[in-house]
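**Q** Pasting a predicted model and its sequence here:
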Amino acid sequence: MRGVVVVGAGHAGVEVAASLRTGGYHGPVTLVGAEEHHPYERPPLSKEMLDDGADPAMISLRPAAFFADHRITLRPGPVVDIERAWQQVKMADGRWVAYDHLVLATGASPRRVELAGLGLRGVAELRTLNDAFALRASLTAAKRLVVLGGGFIGMEVASAAVKRGIEVTVIEQGERVLGRAVSPPVSQAVAAHHCAQGVRLYLGERATEVVGEAGHVTAVATESGRLLPADAVVLGVGSVAEDGLAGRAGLATGNGVLVDRWLNTSDPLISAIGDCAAVVDPSTGSSRRVESIQNATDQGRYVAARIIGWRKPFRAVPWFWSNQGSLKLQLVGLVSNDDRRIVCGDEERFSVISVRDGRLATVESVNDPGTHMAARRLLERATPTEAELMDVDYDVRALARQMMAKEAAVA
Ligand SMILES: Cc1cc2nc3c(=O)[nH]c(=O)nc-3n(C[C@H](O)[C@H](O)[C@H](O)COP(=O)(O)OP(=O)(O)OC[C@H]3O[C@@H](n4cnc5c(N)ncnc54)[C@H](O)[C@@H]3O)c2cc1C
């Protein structure tokens, strides 16, 4: 028996390997990582790990003994090639590892933009633990930080830097922050929170050059003619799927490794999960790639179960969180621009309820964890109609309580 080989020891890769064992899989499980560190959690990299003295041991995905105890062979990579005809992968050291089933969990990398000056010292991107160490060192000395991109990572880094007393400017080319992921009311709340903390925010603004002196960044020039002084710059302009290995092996790709509803690639002996995988919607032919811990974890668990024998297609309710200083943002469902929205709560603590095709589609919560948890419980069971929501005056928690009470009565 050749067993299962997993490429990528991040959230998705570790989850599939661990779930194979907890699900009773007896064959060999090999987990190939490409980083020098023991598998670790990525979300703290833009949050706690930017604080002085934060210890990387706190962010281990599993204790060191876990892998040996569960007969999961951790191998240093990277995998450089897949020989599909012979069902084997080639490691960087030239050795081959054979598989019965291969799982690609190669994640994503920071999007690179064409901009002069990105090679200057003081310019950082953030994906790995080594990136976080480098950024933390740079923030220790920095007085002025410019963040390029008002997405989740950019805004989280802005919070961490402001906490250190650094003067922070965020440049976002869109008209609002977090524009791809949240609705306008949430963007507004996030922007207001950062401005209240002293972050300077330029929306609808583009960087044209990172300017430097003696090899170190000194400023960022913008399209509208601003020259923003900086001794540190963070690039937070999104990420791209790590699908090169799959593409070279002849698997179908397109903004990620294309997978069907069973998370199979175009080769049924190879699955793809997590940030690298783009799930194709059979009715429209379009594909969607989700970058979140929930998605990586649920897809890892699902593929393990499917390898063991589960036969239903993948289904999960997407959810996400982001902590930006005292602001706690939590989302359930994927936001769409065409939704009808109802805002419940006050300026400090509220949730935006979105209705699509007459049913509850997403709930975005700002400092409102109770509503978030209730929305997850609801959407994991059913998609309530707008009439049901209106009956409780859009109180998602009340509707969740009703549903639980009904379930308990039936049981
Ligand atoms: C700074 C930061 C903050 C985040 N914060 C949040 C958050 O608050 N909430 C949230 O839900 N999500 C957050 N995310 C997103 C979340 O971390 C990702 O969605 C998640 O890590 C995806 O897991 P993955 O296993 O698919 O990919 P990854 O965790 O990226 O793991 C992929 C691994 O595969 C390895 N690899 C790639 N190619 C090869 C190869 N050829 N051979 C061997 N190994 C290979 C890579 O080195 C990497 O270690 C954050 C991400 C970042 C970068």
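**A** Sure thing, it's come through.
**Q** Name the residues of the stretch 51-200 of the chain found near the ligand, please.
**A** 77, 78, 79, 105, 106, 107, 108, 126, 127, 153 (C-beta under 6 Å from any ligand atom). (Each C-beta comes from the backbone N, C-alpha and C, glycine too.)
**Q** go on, the stretch 301-411 of the chain?
**A** So the stretch 301-411 of the chain meets the ligand at 320, 321, 322 (C-beta under 6 Å from any ligand atom).
**Q** Output these in a markdown table; the columns should cover distance to residue 190.
**A** A markdown table is the format used below for these (distance: C-beta to C-beta, whole Å):
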| residue | distance to residue 190 |
| --- | --- |
| 320 | 14 |
| 321 | 13 |
| 322 | 9 |
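**Q** can you pull the contacts of the residue of the stretch 51-200 of the chain found nearest the ligand?
**A** The minimum distance from the stretch 51-200 of the chain to the ligand, using C-beta to the nearest ligand atom, falls at residue 107 (2.4 Å). Counting by C-beta atoms under 8 Å, 6 or more residues apart in numbering, residue 107 makes contact with 8, 10, 12, 242, 274, 275, 276.
**Q** Wait, the fourth one touches residue 277, no?
**A** I take that to be residue 242. No - Residue 242 is beyond contact range of residue 277, at 10.4 Å (criterion: C-beta atoms under 8 Å).
**Q** excluding its backbone neighbours, what's nearest the closest residue to the ligand within the stretch 151-300 of the chain?
**A** The stretch 151-300 of the chain approaches the ligand most closely through residue 274 (2.2 Å), counting by C-beta to the nearest ligand atom. Nearest non-adjacent residue to residue 274, counting by C-beta to C-beta, 6 or more residues apart in numbering: residue 12, 2.9 Å away.
**Q** that's a helix at the one you found, yeah?
**A** Yes - applying DSSP: H, G, I helix; E, B strand; the rest coil, one finds residue 12 inside a helix.
**Q** Could you check how far it is from residue 106?
**A** According to C-beta to C-beta, to the nearest Å, residue 12 and residue 106 sit 9 Å apart.
**Q** what do you get for residue 191?
**A** In this view, residue 191 and residue 106 are 34 Å apart by C-beta to C-beta.
**Q** Over to residue 334?
**A** Distance of residue 334 to residue 106, computed by C-beta to C-beta: 23 Å.
**Q** Looking at these two, which is more packed in?
**A** Taking other C-beta atoms under 10 Å, residue 334 and residue 106 do not tie; residue 106 has more neighbours (31 against 16).
**Q** Check whether that one really touches residue 7, as I assumed.
**A** Yes - with contact defined as C-beta under 8 Å, residue 106 and residue 7 form a contacting pair (5.8 Å).
**Q** ok, back up a step: looking at residue 242 and residue 277, which is more packed in?
**A** More crowded of residue 242 and residue 277, by other C-beta under 10 Å: residue 277, with 32 against 23.
**Q** wait, doesn't that one sit right on residue 264?
**A** No - between residue 277 and residue 264 there is no contact under C-beta under 8 Å: 10.3 Å.
**Q** from the middle of its chain, how far away would stretch 345-360 be?
**A** 23 Å (C-alpha atoms, centre = their mean, to the nearest Å).
**Q** Would you mark the buried spots in that stretch?
**A** Neighbour-count burial for stretch 345-360, counted by 16 or more other C-beta atoms under 10 Å, picks out 350, 351, 352, 353, 354, 355, 356, 360.
**Q** Can you lay out the residues you listed as a markdown table showing secondary structure and pLDDT?
**A** As requested, those are exported to a markdown table (DSSP: H, G, I helix; E, B strand; the rest coil; pLDDT from 0 to 100):
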| residue | secondary structure | pLDDT |
| --- | --- | --- |
| 350 | strand | 98 |
| 351 | strand | 98 |
| 352 | strand | 98 |
| 353 | strand | 97 |
| 354 | strand | 97 |
| 355 | strand | 97 |
| 356 | strand | 95 |
| 360 | strand | 96 |
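**Q** show me where the stretch 1-150 of the chain has strands.
**A** Per DSSP state E, counting those that start in this stretch, the stretch 1-150 of the chain carries strands over the ranges 4-7, 29-33, 72-76, 79-83, 88-91, 96-98, 101-104, 108-110, 123-125, 144-148.
**Q** could you redo those as TSV and give each row mean neighbour count?
**A** Shown next, in TSV, are the strands of the stretch 1-150 of the chain (neighbours: other C-beta atoms under 10 Å):
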stretch	mean neighbour count
strand 4-7	28
strand 29-33	22
strand 72-76	17
strand 79-83	17
strand 88-91	18
strand 96-98	16
strand 101-104	27
strand 108-110	18
strand 123-125	22
strand 144-148	26
